[in-house]
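Have a look at this prediction, sequence included:
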Amino acid sequence: MKYSTTFFFASVALATQATLAFLVSPHTFSRAALVRTVENIQLTRPSPLFMGEENAVEQENNAPKKQKKKKTPPATEGETPVIDVSKLDIRVGVITKAWEHEEADKLFCEEIDIGEAEPRQIASGLRAYYKVEDLSGQRVLVLANLKTRKLMGFPSHGMVMCASNEDGSMVEFVEPPVDAKIGERIMVEGYDGEPVSTQL
């Protein structure tokens with residue numbers, strides 16, 4: 001499902017400060033950090049460690065020219081960096097089960113249905129802002145192309161997207177549109193690319 005840039009950025013609050021709730025405590029996630037996070041990493045095929053002198057020269061002559069990776073120019077003062085949000089695989093989900101982490105007083109553990117065969121297990125640092133009984137049935141947006149990471153021993157596979165006010169005293173879920181289906185990808189108008197296939 002595609003939504004206007006105005007809707008997405010107003011909801012996710014990337015234009016001001018965004019809180020990514022997988023963190024043990026909410027932090028501001030800057031635009032520059034997001035650009036670095038979603039930057040594509042190109043891998044080249046390694047060369048043999050040992051080879052004859054003639055083969056080495058031939059391989060060097062026949063080797064294709066390496067393309068220099070385009071770097072995102074640093075934003076000048078007062079200029080907003082460009083973020084290619086199409087690299088983010090953002091899915092509509094619903095929390096089906098939630099409980100308090102036994103060893104971390106800031107973390108909830110959740111099972112979230114994002115349209116896959118099994119629900120995703122995700123940890124969110126939201127206990128200062130929500131009660132556990134408020135979570136079941138809550139519709140959310142999930143950043144899905146992330147590697148599984150253990151947070152205080154809990155394997156968390158994804159990130160629940162939240163927005164905060166400037167001083168971080170208020171954090172709320174970014175809720176998907178009411179007509180969006182579970183598992184549907186949220187896209188932004190003007191960003192039609194495919195998400196990064198390699199998990200970030």
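All right, it came through fine. Not measured: the values here are computed from a predicted model. Residues are numbered from 1 along each chain as shown.

Tell me where the chain has strands.
When secondary structure is read from DSSP state E, the chain shows strands at 2-3, 18-20, 90-100, 108-113, 120-124, 139-143, 149-151, 154-156, 159-164, 171-173, 187-188.

Any chance of TSV for these, columns mean neighbour count?
For every residue, glycine as well, the C-beta is placed using N, CA and C. Putting these into TSV (neighbours: other C-beta atoms under 10 Å) gives the following:
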stretch	mean neighbour count
strand 2-3	14
strand 18-20	23
strand 90-100	20
strand 108-113	22
strand 120-124	26
strand 139-143	22
strand 149-151	14
strand 154-156	17
strand 159-164	24
strand 171-173	18
strand 187-188	20
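
Save those as JSON lines, and put in distance to residue 180 and mean pLDDT too.
Output for these, formatted as JSON lines (distance: least, C-beta to C-beta, whole Å; pLDDT from 0 to 100):
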{"stretch": "strand 2-3", "distance to residue 180": "9", "mean pLDDT": "56"}
{"stretch": "strand 18-20", "distance to residue 180": "19", "mean pLDDT": "40"}
{"stretch": "strand 90-100", "distance to residue 180": "5", "mean pLDDT": "97"}
{"stretch": "strand 108-113", "distance to residue 180": "13", "mean pLDDT": "98"}
{"stretch": "strand 120-124", "distance to residue 180": "17", "mean pLDDT": "97"}
{"stretch": "strand 139-143", "distance to residue 180": "8", "mean pLDDT": "97"}
{"stretch": "strand 149-151", "distance to residue 180": "27", "mean pLDDT": "94"}
{"stretch": "strand 154-156", "distance to residue 180": "23", "mean pLDDT": "96"}
{"stretch": "strand 159-164", "distance to residue 180": "13", "mean pLDDT": "96"}
{"stretch": "strand 171-173", "distance to residue 180": "14", "mean pLDDT": "96"}
{"stretch": "strand 187-188", "distance to residue 180": "11", "mean pLDDT": "88"}
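
Same list as before, those strands that is, but in a markdown table and with distance to residue 197 included.
Output for the strands of the chain, formatted as a markdown table (distance: least, C-beta to C-beta, whole Å):
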| stretch | distance to residue 197 |
| --- | --- |
| strand 2-3 | 20 |
| strand 18-20 | 21 |
| strand 90-100 | 15 |
| strand 108-113 | 21 |
| strand 120-124 | 18 |
| strand 139-143 | 14 |
| strand 149-151 | 19 |
| strand 154-156 | 20 |
| strand 159-164 | 17 |
| strand 171-173 | 27 |
| strand 187-188 | 16 |
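
between the ones you listed, which one is nearest to residue 81?
Closest to residue 81 of the strands of the chain, according to C-beta to C-beta: strand 18-20, at 13.8 Å.

circling back to that earlier point, which one of the strands of the chain lies nearest to residue 82?
Closest approach to residue 82 among those is made by strand 187-188 (12.4 Å; C-beta to C-beta).

which stretches of this structure have low pLDDT?
For the chain, the stretches flagged by pLDDT under 70 are 1-78, 198-200.

Residue 80 versus residue 191, what's the distance?
15 Å (C-beta to C-beta, to the nearest Å).

what about these two, which has more around it?
Higher neighbour count among residue 191 and residue 80: residue 191, with 15 against 9, using other C-beta atoms under 10 Å.
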